[in-house]
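Novice: test case, fold it:
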Amino acid sequence: MKQGILLGFFLFAFGLCTQGQTLSFEAVFGEKPLVLGTTYTTNSGVIVEIETLRFYITQLQLKQDGKTIWTEENSYHLIDINNSSSLQLSIPDSVEFDEVSFLLGTDSLTNVSGAMGGDLDPTKGMYWAWNSGYINFKLEGTSPVCDTRNNRFTFHLGGYAYPNATVQTVTLAATGSAIIFDVKAFLEGIDLKETNSIMSPSTTAVALSKKASALFKMKNAK
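Specialist: Residues are numbered from 1 along each chain as shown. Modelled structure (predicted):
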């Protein structure tokens with residue numbers, strides 16, 4: 001088992017948002033902070049251990065009263081649990097906003113532009129070498145129910161071309177203290193005995209991308 005790595009808080013002080021300098025996220029497993037290398041149990045009784053969680057946040061926008069008031073330029077961020085410096089995103093000091101919007105993944109133009117640098121560098125492990133482009137969301141781990149090598153499950157969700165375009169828009173009201181992603185909720189409803197390896201564009205990748213995008217929540221929101 002890997003040594004537990006407590007996911008760094010992606011804390012984001014909202015209020016009226018005039019004090020917020022940093023946009024942050026937090027990964028959880030149910031009601032607990034996600035700790036990589038720790039054993040968890042889903043509601044259906046399946047034992048899992050999470051080893052990798054990475055995803056792209058792009059086209060970051062701040063909105064007020066339904067209108068976009070700030071759009072980040074060159075907005076490509078790879079959120080990687082193993083890289084603490086990736087966990088917080090800077091925003092302007094003076095912008096007042098009531099919504100945050102971003103893409104979970106990369107758009108089609110980015111994908112057809114070929115391998116790029118920075119957070120889009122292929123060495124980050126989020127780029128397919130063939131014509132399928134970037135991996136938008138990556139979750140890897142193990143479970144004894146997986147009849148695979150080392151009992152691994154691998155969800156690499158990507159694809160930019162119709163009908164397997166996986167990029168999703170997420171818009172959240174700025175009503176809480178952090179944006180969270182619940183890995184437990186993502187795994188609920190997935191039969192890891194049957195569905196444990198998604199590594200290319202497909203209808204299943206699209207469905208799971210939609211599910212993932214719906215699991216970003218404000219920490220204090222109902």
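Novice: list the buried residues for stretch 42-51?
Specialist: Under the neighbour-count criterion of 16 or more other CB atoms under 10 Å, stretch 42-51 has 42, 46, 48-51 buried. Glycine gets a C-beta too; all of them are placed from N, C-alpha and C.
Novice: got a list of contacts for that stretch?
Specialist: The contact list for stretch 42-51, computed with CB atoms under 8 Å, 6 or more residues apart in numbering, reads 1-2, 29, 34, 36-41, 139-145, 153, 183-184, 187-188, 192.
Novice: using ChimeraX, make a named selection holding only the buried ones among those residues.
Specialist: A single ChimeraX command selects the buried members of the contacts of stretch 42-51 (16+ other CB under 10 Å):
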select :29,34,36,38,40,139,141,142,143,145,153,183,184,187,192
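Novice: ok so, going back, out of the buried residues of stretch 42-51, list just those in helices.
Specialist: Nothing among those maps onto helices, per DSSP state H.
Novice: include distance to Gly114 and pLDDT when you put those into TSV, please.
Specialist: Below are the buried residues of stretch 42-51 laid out as TSV (distance: CB to CB, whole Å; pLDDT from 0 to 100):
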residue	distance to Gly114	pLDDT
Thr42	39	96
Val46	39	97
Val48	35	98
Glu49	35	98
Ile50	31	97
Glu51	29	97
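Novice: count of neighbours near the residue lying closest to Pro122 once chain neighbours are set aside?
Specialist: For Pro122, ignoring the flanking residues on the chain, the nearest one in space by CB to CB, 6 or more residues apart in numbering is Ala115 at 4.7 Å. Using other CB atoms under 10 Å, Ala115 has 12 other residues around it.
Novice: next one: Ala185
Specialist: Around Ala185 there are 18 residues (other CB under 10 Å).
Novice: got phi/psi on the closest residue to it other than its chain neighbours?
Specialist: Using CB to CB, 6+ apart and skipping the chain neighbours, the partner closest in space to Ala185 is Leu215 (5.2 Å). Backbone torsions of Leu215, given as degrees, to the nearest 10, read phi -100, psi 0.
Novice: what residues are up against Leu215?
Specialist: Applying CB under 8 Å, 6+ apart to Leu215 gives the contacts 181-182, 185-186.
Novice: reformat the residues you listed as CSV; add distance to Glu73, pLDDT and secondary structure.
Specialist: Converted to CSV, the contacts of Leu215 look like this (distance: CB to CB, whole Å; pLDDT from 0 to 100; DSSP: H, G, I helix; E, B strand; the rest coil):
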residue, distance to Glu73, pLDDT, secondary structure
Phe181, 25, 95, strand
Asp182, 30, 96, strand
Ala185, 33, 97, helix
Phe186, 31, 98, helix
